[in-house]
Structure formats: structure tokens, C-alpha cells
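Undergrad: Fold the following.
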Amino acid sequence: MDLAQALSISAAGMDAQTKRLRVIAENLANQDSTGSFPGATPYQRKTTVFGSVLDSKLGAETVQVKSIVPDRSAFPQKYDPSNPAADPTGYVRTPNVNSFVEMMDMREAERSYSANLNVMQASRSMLTRVIDLLK
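TA: Residues are numbered from 1 along each chain as shown. Next comes the predicted model:
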């Protein structure tokens, strides 16, 4: 693998993690979004699915976001009879977003992004040294 390939592969990894972070941010922003009427579905958590794609130009496999899918876990309920989305018994379905899980996902995405950035910086440094040697 040449250094240009390493840069492109790292860039693809950083792009995928950026999209993952956007999904996590959307989940966190909507963690308190309930329906507006009784029985309405609250915000449903989204997850990112990655896939490996052969980049014919590079001749190497890179990662990309394959899809963004809804989390099918159950919606928790909380007792809040004053909420407009409360059912006749006073319970409201709340989003299936757990801020602890989202923060752990965010930390993992940050570390993956950082690892790709380190590879990119090392490759750039090596390219700079090669250019300096050719002068």
C-alpha cells in the first residue's frame, strides 16, 4: 500500500465516523421528544451500520456508512398525566434513547476518528520526508 492509499483509507474512516457522530447527536438532541397526542410514537433512536466497500480507484477496501436504521427496542414509559401524549392511565411513551449508551458510542467514534487522523498525520509526515529527500 502506498501513502496516498493510506491517506484515502483514513479519510474514508473519518468520514464514516463523522456520520456516526451526527446520528449520535441527533439521538441526544431528541432524547426527550415525546409524541404530541395520546398514543403517538416518540422519537425512535437511530443506529449506524457500517459496511466494507471495494474502492476500485484505490484498489483497496474502505469503510462507509451502509445504512442508518431505527433501533427496534421498546419505548420506556413514564408516569406523567399532565403530558399531552399521556394515555388514559397517565403514562407517556418516551424515546428509546439512553444517554449513557450514546455517550459511550460517541467516545468510541471519537477514538476511531482520532486513530484515523493519526494514520493520516503519519502518512503526511512520511510524504513530506520523501519530498524533502527528493530535493
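Undergrad: just the helices in the chain please.
TA: Ranges of helices within the chain are 3-29, 99-134, based on DSSP state H.
Undergrad: Quick check: buried residues in the first one?
TA: It stands for helix 3-29. In terms of neighbour count (16 or more other CB atoms under 10 Å), helix 3-29 has its buried residues at 5-10, 12-17, 20-21, 23-24, 26-28. The C-beta positions use only the backbone N, C-alpha and C, and glycine is treated the same way.
Undergrad: can you check the longest one too?
TA: Of the residues in helix 99-134, those buried under the neighbour-count criterion (16+ other CB under 10 Å) are 102, 105-106, 109, 112-113, 116, 119-120, 123.
Undergrad: Tell me which of those has the lowest pLDDT.
TA: Among the buried residues of helix 99-134, residue 123 has the lowest pLDDT, at 89.
Undergrad: looking at it, that residue is touching residue 3, isn't it?
TA: Yes: contact criterion CB atoms under 8 Å: residue 123 and residue 3 qualify, at 4.7 Å.
Undergrad: Show the pLDDT at the most centrally placed residue in the chain.
TA: Relative to the mean C-alpha position of the chain, the nearest C-alpha, by CA atoms, centre = their mean, is the one of residue 20, at 1.5 Å. In this model, residue 20 is scored at 97, pLDDT.
Undergrad: contacting residues around it?
TA: 48, 65, 105, 109 (CB atoms under 8 Å, 6 or more residues apart in numbering).
Undergrad: Those into JSON lines, with extra columns for distance to residue 71?
TA: Below are the contacts of residue 20 laid out as JSON lines (distance: CB to CB, whole Å):
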{"residue": "48", "distance to residue 71": "11"}
{"residue": "65", "distance to residue 71": "16"}
{"residue": "105", "distance to residue 71": "11"}
{"residue": "109", "distance to residue 71": "16"}
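Undergrad: Where does pLDDT dip in this protein?
TA: Within the chain, the stretches with pLDDT under 70 are 1.
Undergrad: Having no further points to raise, I will conclude here.
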